[in-house]
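Chemist: I'd like to go over a predicted model; first the sequence, then the structure.
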Protein chains: 2
Amino acid sequence: MASTDQPAPESEKAAPPPETIAQPPPRRDCFAVVDVVLRMLLFAAAVAAVVVMVTSKETKAVARILIPPYAVYRTANFKNSPAMIYFVAALSVAGFYALITTMVSFLALLKPRCSTKLLPHFVIFDVLMLGIVAAAAGTAGGVAYIGMKGDSHAGWTKVCNVFEKFCHHVEASVAVSIFASIVLALLVINSAHSLSKRIPK
Amino acid sequence: MASTDQPAPESEKAAPPPETIAQPPPRRDCFAVVDVVLRMLLFAAAVAAVVVMVTSKETKAVARILIPPYAVYRTANFKNSPAMIYFVAALSVAGFYALITTMVSFLALLKPRCSTKLLPHFVIFDVLMLGIVAAAAGTAGGVAYIGMKGDSHAGWTKVCNVFEKFCHHVEASVAVSIFASIVLALLVINSAHSLSKRIPK
């Protein structure tokens, strides 16, 4: 009798409860949470980069003269450089994009079944944004480097010894845009890994 | 004998051959073929961009003098600009990366079961490469634009009226690097869509 009673509780323990198989609870995966956080970071970075670049205007007296106003003033402004204008335009678009996709991603977090359809679309736009923002960071960075160091071979003198505040703003803005590029790269990697985790082994 | 032989062929027709169910033929999806083609394109673009930039050297007489050699010569070379050096380094890395991943992707094409594991890794490196190549294109493009148009506000004169061949090489190289960035973006999008197609509906 003892030998026939033993197997019954073991088989009950091995089999999972039937209701767990029938209705798996919708899982809020950590990829979706990371996605929302990264998009908020991207928005903050893009806004910071644009604000710092737009407020970089600096006016300095570059020479003294005898008649009023007794000095020749020169103004450094991002609007004078096509590279900086492209930078502001690209980062503004990235900020606007981040704002919209943060809301969409947050809504997808509440409805986890939607996110599988959304992810490939997110990847397309994130990759395009990455290309635009990285190119903008490179463009502004390249011009800022000439402003800082000059280029003796081309006869371009440095301007950052005169317009220090302007250059600090541009440097900070470029650094933040590089951070925004890294965030965009992480967003794409996060989406790709989220997709790969949904593939059955 | 005849009646007992009849039912046997009917049951064989109704049931599908057992080997078809047990081993479905490994499908070579079009995403994997597109991946290999895009990687070959990326390799070609990166090599072209590097070769065109490296061969851009141009020497020109910029002033006449009375003593031999009767002229002052100036040389325009990509090595004189940190932006162009970064450009050549980035595109060289991209070309080397494209060469290796073309081979890996081709091997994965022969063994379709491997590609599911490879794709998320490809996405990580493709995205990093996209950031590097797009930034390089932006940096070289920004400096090339100043070379073409100058910047009157910063007092930087244009140099492309003197070094025409050099500038044409740089322009072509930047254009090809933008094409390489687009190919990298398409590679990431292709990988993401390949992953999403493997998720059961």
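Modeler: Looks like it came in fine.

Chemist: mind listing what the closest residue to chain B within chain A touches?
Modeler: Closest approach between chain A and chain B, counting by CB to the nearest CB: residue A:138, at 2.9 Å. Where C-beta positions appear, they are placed from N, C-alpha and C, glycine not excepted. Residues near residue A:138 by CB atoms under 8 Å, 6 or more residues apart in numbering or on different chains: B:134, B:135, B:136, B:137, B:138, B:139, B:141, B:142.

Chemist: how does it look with 7 Å?
Modeler: Counting by CB atoms under 7 Å, 6 or more residues apart in numbering or on different chains, residue A:138 touches B:134, B:135, B:136, B:137, B:138, B:139, B:142.

Chemist: Now the phi/psi pair for residue A:152, please.
Modeler: phi -60, psi -30 (degrees, to the nearest 10).

Chemist: and residue A:39, how many neighbours?
Modeler: 25 (other CB atoms under 10 Å in any protein chain shown).

Chemist: Where does the spatially closest residue to it that is not a sequence neighbour fall, secondary structure wise?
Modeler: Spatial nearest neighbour of residue A:39, excluding adjacent residues (CB to CB, 6 or more residues apart in numbering or on different chains): residue A:102 at 4.1 Å. Element membership of residue A:102, judged by DSSP states H and E, is helix A:82-110.

Chemist: Where do the helices of chain A begin and end?
Modeler: Using DSSP state H, the helices assigned to chain A run over residues A:2-5, A:7-14, A:18-22, A:30-54, A:82-110, A:112-149, A:164-197.

Chemist: and stretch A:143-158 with chain B, contact?
Modeler: Yes. Stretch A:143-158 is in contact with chain B by CB under 7 Å from any CB of the partner chain, via A:143, A:145, A:146, A:147, A:151, A:153, A:154, A:155, A:156, A:157.

Chemist: Which one (most neighbours) among these?
Modeler: residue A:143 (27 neighbours).

Chemist: Contacts only, for the nearest residue to that one once chain neighbours are set aside.
Modeler: Once flanking residues are discounted, residue A:143 sits nearest to residue A:83: 4.3 Å by CB to CB, 6+ apart. By CB under 7 Å, 6+ apart, the residues touching residue A:83 are A:139, A:140, A:143, B:142, B:145.

Chemist: between these, which is nearest residue B:113?
Modeler: residue A:139 (42.9 Å; CB to CB).

Chemist: Now do the same contact list for the nearest residue to residue A:42 once chain neighbours are set aside.
Modeler: In this structure, residue A:42 finds its nearest non-sequential neighbour in residue A:98, 4.1 Å apart by CB to CB, 6+ apart. Residue A:98 makes contacts with A:39, A:42, A:43, A:46, as judged by CB under 7 Å, 6+ apart.

Chemist: Sketch out the low-pLDDT regions of chain A for me.
Modeler: A:1-28 (pLDDT under 70).

Chemist: go again using 50 as the cut-off
Modeler: A:1-16, A:18-23, A:25-26 (pLDDT under 50).

Chemist: List just the one of the helices of chain A that sits closest to residue A:65.
Modeler: Once these are compared by CB to CB, helix A:164-197 is nearest, at 22.7 Å.
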